[in-house]
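# One predicted model, sequence on top.
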Amino acid sequence: MLIVQVGTDALMRVGGVDLDLVGKTSMGETAVLLKHSLLLLDGDSGLVHLNHALSGKSVVLFGPTPSAFFGYAENANITSQFCTGCVWMRGTRWHTECLRGFDGPKCLEEITPSTVLEAATAILSGRPSFSYTLAESVVIDGADPVKGLESVLRRHLAGTDKTRCRIAVTGDHDLRAASFLAEQGHTVTSFLEPFGAEKNDHGALSHASVRQAAQCGFSLDFASGLALPLQDNHADFVVCRDVGRDVYYSSYVLKELLRVLQPGGSLIAMAASRASASDERCSSECMEFSRDLMKECAVNMPEHSMAKMACGETASGIVCVITKGVGVHMSAAKPSAFQAGGTV
């Protein structure tokens, strides 16, 4: 585990970190670090709110600001037992001076390192580890790969004991998969890439997309596959359609899709083949995603399926179905590829 410090140049350095990035990262780069970190340790700051937006967990030290108002339930919110809440006192410089006349922030200084360590250890040791199983790999023949995807979806939805599943859909540019699932009576949220072609001139969702979502009865929002606005273990099914078109960091996208999938649920991912020379890059990315899917989940794709997909002449795509196994605590199991190598 790597301990990294980030922030502005004015920040006090913390001793013992493995990597000092203070003053060296942009806000976007910091967001990437937070997204792939196991834990954020900070005072009540903007990074805590950013980490919350990225579905991360934090250990937060509260001094002048009250945790009851600014804290998030998923975090370990440590409140000073000395005093707190002076942020509400108007006409004061609570952020630079102690109102009780102490030289430093007495409220924060009273929080002991052992208290912080105990909170961080509780979060890290309680993180579950999951197993993944390749339930099915289907090579799709025919000119319309979405029809093949619908067939796989129908079969797996019929095998669940829930009549109304929560389903997250990504990469569904024309909303065909989301519309199909909503028509089956499921609770569907479709996420469109924020830089895709589904926006109007004002950067909002196109009227046609909004109208289609309203008619079919599913929710629609902008979100990158790298950071979905969903809590851990949220969805019964995650459907990733046409993964090769906009996916450039497939292993990170895969990690995010599996994060929002609940234990016992299934990720259904389709990589559409492109046979034309102009789509050679897309076809290559589809293949890369499929291999990442197998590699990261420690499952094996049948060689004949991969060979047929690579050919692109007799297959229009491949659908992989990955099931997520019930987790055990990290302290009791060897971390999988998705938990190992994280940062704090």
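Arrived safely, thanks for sending.

# Low-confidence stretches in the stretch 151-300 of the chain?
194-205, 242-249, 272-300 (pLDDT under 70).

# Please enumerate the strands of the stretch 51-200 of the chain.
58-62, 76-79, 128-129, 132-140, 166-170, 187-192 (DSSP state E, counting those that start in this stretch).

# In its sheet, which strands sit next to the fourth one, and in what direction?
Note on strand 132-140: by DSSP bridges, its sheet partners are strand 317-324 (antiparallel).

# and the partner strand, how far out from the chain's middle?
Here strand 317-324 shows a centroid-to-chain-centroid distance of 18 Å under the convention Cα atoms, centre = their mean, to the nearest Å.

# Repeat that for stretch 254-265.
Distance of stretch 254-265 from the chain centroid (Cα atoms, centre = their mean) equals 9 Å.

# Straight-line length of it, end to end?
From its first residue to its last, stretch 254-265 covers 15 Å (Cα to Cα, to the nearest Å).

# Give the buried residues for it.
254, 255, 256, 257, 258, 259, 260, 261, 262, 265 (16 or more other Cβ atoms under 10 Å). (Each C-beta comes from the backbone N, C-alpha and C, glycine too.)

# Now do the helices in the protein.
Counting by DSSP state H, the chain has helices at residues 27-35, 46-53, 67-70, 106-109, 113-125, 145-158, 176-183, 207-216, 250-260, 280-296, 303-311.

# Residue 170 is nearest to which of the ones you listed?
Ranking the helices of the chain by their distance to residue 170 (criterion: Cβ to Cβ) puts helix 250-260 first, at 7.1 Å.

# tell me what that closest one is packed against?
On a contact count with 3 or more Cβ pairs under 8 Å, 6 or more residues apart in numbering; DSSP states H and E, helix 250-260 meets strand 235-240, strand 261-272, helix 280-296.

# Could you spell out the sheet neighbours of the second one, each with its direction?
Strand 261-272 pairs in its sheet with strand 235-240 (parallel), strand 317-324 (antiparallel), by DSSP bridges.

# what about those, which gets the closest to residue 151?
That would be strand 317-324 among the strands paired with strand 261-272, by Cβ to Cβ, at 8.9 Å.

# What residues sit buried inside that closest one?
Result for strand 317-324 [16+ other Cβ under 10 Å]: buried residues 317, 318, 319, 320, 321, 322, 323, 324.

# which of those residues lies closest to residue 231?
Among the buried residues of strand 317-324, residue 324 lies closest to residue 231 (Cβ to Cβ), at 14.8 Å.

# Verify the stated contact: the closest one with residue 261.
Yes - using Cβ atoms under 8 Å, residue 324 makes contact with residue 261 at a distance of 5.1 Å.

# Common neighbours of those two, please.
residue 267 (Cβ atoms under 8 Å, 6 or more residues apart in numbering).
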